[in-house]
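> let's see this in three dimensions:
(one chain, ligands or ions: 1)
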Amino acid sequence: MSTSIEKITPYDEFNFPIPEDEFPKDGMSARAAAGIVISAEWTDANPMLNMSSFVTTWAEPEAAETAKRNIFKNYIDHDMYPQVFAMETRMVKWLHQLWNGPKGVEPYGTATVGSSEACMLAGLAHKWNWRKKREGEGKDVARPNMVTGGNVQIVWKKFLRYFDVEPRIVPLSPGNYRVTAESLDKYVDEKKRTGISIPMHIDGASGGFVNPFLYPDYKWDFRLPRVQSINASGHKYGLVPPGLGWVVFRERKVFNEELVFYVNYLGGEMPTATLNFSRNAFQVAVQYYMFIRHGFEGYRRIMQHTLDNAIALRRILVESGYFNVMNEAQRIPVVAVTLASKITNFNEFDVSNKVREKGWVLAAYTMPPNAETVTSLRVVVRPHINRNVAELLAGDIVSACKYLEKNGGNAPPPTLHAHPSGTAAPTKC
Ligand SMILES: Cc1ncc(COP(=O)(O)O)c(C=O)c1O
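Numbers count the residues shown, from 1 in each chain. Now for the predicted structure:
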């Protein structure tokens, strides 16, 4: 660079080549560095228009300020940030009550990075309890297994592989995207129905913050005696920016004390029972803000509006004649559709690509085995989308279909890497 240092402007620095494979040698001014980062960010999708994701993409300025104020706090350092820990502890009790945990017990749970970490912790607790019980009965503990539907999120397939649990995955079939009790017989070892209580974990990643507010009489939670643990994503319908998950146990003893470690590296003695150690604390503070800001009534209204907007969007899609609905029971504000069988000259991937021209991100994906022949187009309606915008989106989807009907399309599905084990799993989040 021949220009002297005094004469270099941020515009010059903005055009410095950014190395691909080597660590940058010299630095640059803050303004130029920010400009380069911002120009890269511009080409990312707009998170507000990303309708394929469940994560929260909007927050009130006060919530954003709360995040900013807490951004330099390390969540794990309970000794230095006891108030963040106090908020978390209080919220675990609130969630235990919200999910109808039994009274008179000591609730236990934790905030996590997301539902994946929460599911892994719950899975480990169940594996621990299973082994202890079997050892007590003098039974073989070599090969734990878990029965689940092919519809589960990828975290469960990760859990099974990472923590050495035999997968017993019940395949789906076109038109049936859930596991039903009848299909379980083939997959469970102990067929006699009496005297056996199989503990359950409920993966309430999104439903955990919808069901309590909209369907208080629907028994999916600790009211069912076998339910020992529940997870939910604070960063989905909990209304917190990513990433925050929660896992709550029926009572403390479900989470075996052997899984808790005590360390003193950061000052006083501190328990740690999460897979991560350091992580940001701001999400916990923002969740606390959200809970006290909205209360039960506020969450109920927000979820009701969001669901109503999803229903309005779904109605427009169905009435267009292009789509069949896949989730007949419309509990959470998600609309999953597949193209009607009469459509033969374009597919769901074409629709996803076409609406992208308007900025919308809609996930089209093939269903897991044995329903791979079905492709789903999914719209996750979130609270920042009001009725006008939901209808605008529905209109853009229908217009895309009209265009494609006339002009045709043949977008291929994205290829999935084959896993060494031979299983590639379509996923959702
Ligand atoms: C049912 C379910 N479980 C688990 C997860 C994983 O959650 P996270 O992305 O918060 O790790 C998701 C979605 O992401 C989900 O939908």
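
> what about the strands in the stretch 301-429 of the chain?
Along the stretch 301-429 of the chain, the segments classed as strands by DSSP state E, counting those that start in this stretch run 323-325, 334-339, 363-366, 375-380.

> weakest of these by average pLDDT?
Among the strands of the stretch 301-429 of the chain, strand 363-366 carries the lowest mean pLDDT, a mean of 92.

> make JSON lines from the strands of the stretch 301-429 of the chain and add distance to residue 268 and mean neighbour count to it.
C-beta: built from backbone N, CA, C; applies to glycine. Formatted as JSON lines, these follow (distance: least, Cβ to Cβ, whole Å; neighbours: other Cβ atoms under 10 Å):
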{"stretch": "strand 323-325", "distance to residue 268": "55", "mean neighbour count": "17"}
{"stretch": "strand 334-339", "distance to residue 268": "44", "mean neighbour count": "22"}
{"stretch": "strand 363-366", "distance to residue 268": "46", "mean neighbour count": "19"}
{"stretch": "strand 375-380", "distance to residue 268": "42", "mean neighbour count": "22"}
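
> turn the ones you listed into JSON lines, columns for distance to the ligand.
Shown next, in JSON lines, are the strands of the stretch 301-429 of the chain (distance: least, Cβ to the nearest ligand atom, whole Å):
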{"stretch": "strand 323-325", "distance to the ligand": "19"}
{"stretch": "strand 334-339", "distance to the ligand": "10"}
{"stretch": "strand 363-366", "distance to the ligand": "12"}
{"stretch": "strand 375-380", "distance to the ligand": "10"}
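
> relative to residue 187, which of these is closest?
For the strands of the stretch 301-429 of the chain, proximity to residue 187 was assessed by Cβ to Cβ; strand 363-366 is nearest, at 23.1 Å.

> tell me which of the strands of the stretch 301-429 of the chain sits nearest to residue 226.
Checked against Cβ to Cβ, the stretch from the strands of the stretch 301-429 of the chain lying closest is strand 334-339, at 26.4 Å.

> parallel or antiparallel, list what pairs with that closest one.
Here strand 334-339 is paired, per DSSP bridges, with strand 323-325 (antiparallel), strand 375-380 (antiparallel).

> which residues are contacting it?
Strand 334-339 has contacts (Cβ atoms under 8 Å, 6 or more residues apart in numbering) with 206, 310, 313-314, 317-318, 322-327, 346-348, 351, 374-381.

> can you give me the neighbour number for the closest residue to residue 400 other than its chain neighbours?
Spatial nearest neighbour of residue 400, chain neighbours left out: residue 354 (3.7 Å); criterion: Cβ to Cβ, 6 or more residues apart in numbering. Neighbour count for residue 354, taken as other Cβ atoms under 10 Å: 22.

> residue 354 contacts residue 408, correct?
No - assessed by Cβ atoms under 8 Å, residue 354 is found out of contact with residue 408, at 11.6 Å.

> show me the contacts for the nearest residue to residue 177 once chain neighbours are set aside.
Using Cβ to Cβ, 6+ apart and skipping residues adjacent in sequence, the residue nearest residue 177 is residue 151, 5.4 Å away. Contacts here follow Cβ under 8 Å, 6+ apart; on that basis residue 151 touches 172, 177-179, 368.
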